[in-house]
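Undergrad: Starting from these lines, generate the structure:
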Amino acid sequence: MRTEKPRLLDFFESHHHLKLVLSLTVLFLLILETLIYLTAASQAGQRTRLIITNTEGQKVYETTGSTLSSYEKMVFESTFGPLDRYRMQLHSEERPFPFRAWLSAAVGIPVGLILIIAFAIKAFLSLLYGDAEPPPAAQAQMGSAEGRLGSVFELFRGISVFHVGILVVVSVILFWMVPNLLGDFGRVTWTFLKEYKILVFGGALFLAGILIWIIYLRYRLSKQVLQNQVEIEKLRLEYHRACDNRPLELLTASHSEPRSDA
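TA: The predicted model follows:
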């Protein structure tokens, strides 16, 4: 007789440390969420950059902060010469809180870790005990499910926590990547439009001319088709009129002829 495959809950219940494991897991997730929030918050706020330019206004060196450290000053002077021959400028900018990056990381990282751990445990149990077969009652119930309602029920019953977790991770990745992709595409498009105005304007005029020419040709074709239909209808009416008047003419001619006496 085949041994029953143990579940993860049975594995924890066989030990007396279930509450401790759950407490440590919750504590780890709280610490992870706090670190994610602090990392995102450190990217927001006012940022200052020190830019060093030469006498011609070309940027030579750039660093974060408002001053150069002694090591940075030594490296700069050994590479570019004395610092007195250059100009230093401070640029400050206010960065907003990266909400999308924080939300993606706060949801995606814990869910991804939980899925990886659960998948590793499930794979270990499957390798150790094999895949569990459904009982005969469940097989009979699956075989007796017919119709659209039964198919929907079987579909929802086949969804596991792994499917939901993978869907959440994919949604988070798309929520983080798609706006960045659209933003980069918009910036590249705007830069191309600014640098190649004449080319874009000429291409737009060419496409507009082709579109107007196609519309004009379709108008001429539609007009010609309507004229042909009108001519066909006129010929059809004249033909029917001629066919309707021919027996009357023959009948009138037969009455108008003098009858010969026998």
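Undergrad: use CA for all of it now, contacts and neighbours both
TA: Fine.
Undergrad: which stretches of the protein form helices?
TA: Along the chain, the segments classed as helices by DSSP state H run 8-13, 18-42, 70-80, 99-129, 136-144, 147-157, 161-195, 197-256.
Undergrad: Single out the most deeply packed of those helices.
TA: helix 99-129 (a mean of 15; mean count of other C-alpha atoms under 10 Å).
Undergrad: so what secondary structure elements neighbour that one?
TA: Applying 3 or more C-alpha pairs under 8 Å, 6 or more residues apart in numbering; DSSP states H and E, we find helix 99-129 packed against helix 18-42, helix 161-195.
Undergrad: quick check: angle from that helix to helix 18-42?
TA: With axes from the mean of the first three to the mean of the last three C-alpha atoms, to 10 degrees as the basis, helix 99-129 and helix 18-42 are set at 150 degrees to each other.
Undergrad: Go ahead and name everything in contact with stretch 169-185.
TA: Residues outside stretch 169-185 that contact it (C-alpha atoms under 8 Å, 6 or more residues apart in numbering): R100, A101, S104, V107, G108, V111, G112.
Undergrad: go again using 7 Å as the cut-off
TA: With C-alpha atoms under 7 Å, 6 or more residues apart in numbering as the test, stretch 169-185 has contacts from R100, A101, S104, G108, G112.
Undergrad: Of these, just say which sits nearest to Y61.
TA: Nearest to Y61 among the contacts of stretch 169-185: A101, at 29.5 Å, using C-alpha to C-alpha.
Undergrad: quick one, what contacts that closest one?
TA: Applying C-alpha under 7 Å, 6+ apart, we find A101 in contact with W176.
Undergrad: Pull up the per-residue confidence for it.
TA: What the model reports for A101 is a pLDDT of 83.
Undergrad: What distance do you get for it to S92?
TA: Going from A101 to S92 by C-alpha to C-alpha, to the nearest Å gives 22 Å.
Undergrad: cool, L127 as well?
TA: Distance, L127 to S92, using C-alpha to C-alpha: 58 Å.
Undergrad: How about E195?
TA: As judged by C-alpha to C-alpha, E195 and S92 stand 28 Å apart.
Undergrad: so where's the stretch 51-200 of the chain shaky on pLDDT?
TA: 129-161 (pLDDT under 70).
Undergrad: again, only this time at 50
TA: Low-confidence segments of the stretch 51-200 of the chain (pLDDT under 50): 137-140, 142-146.
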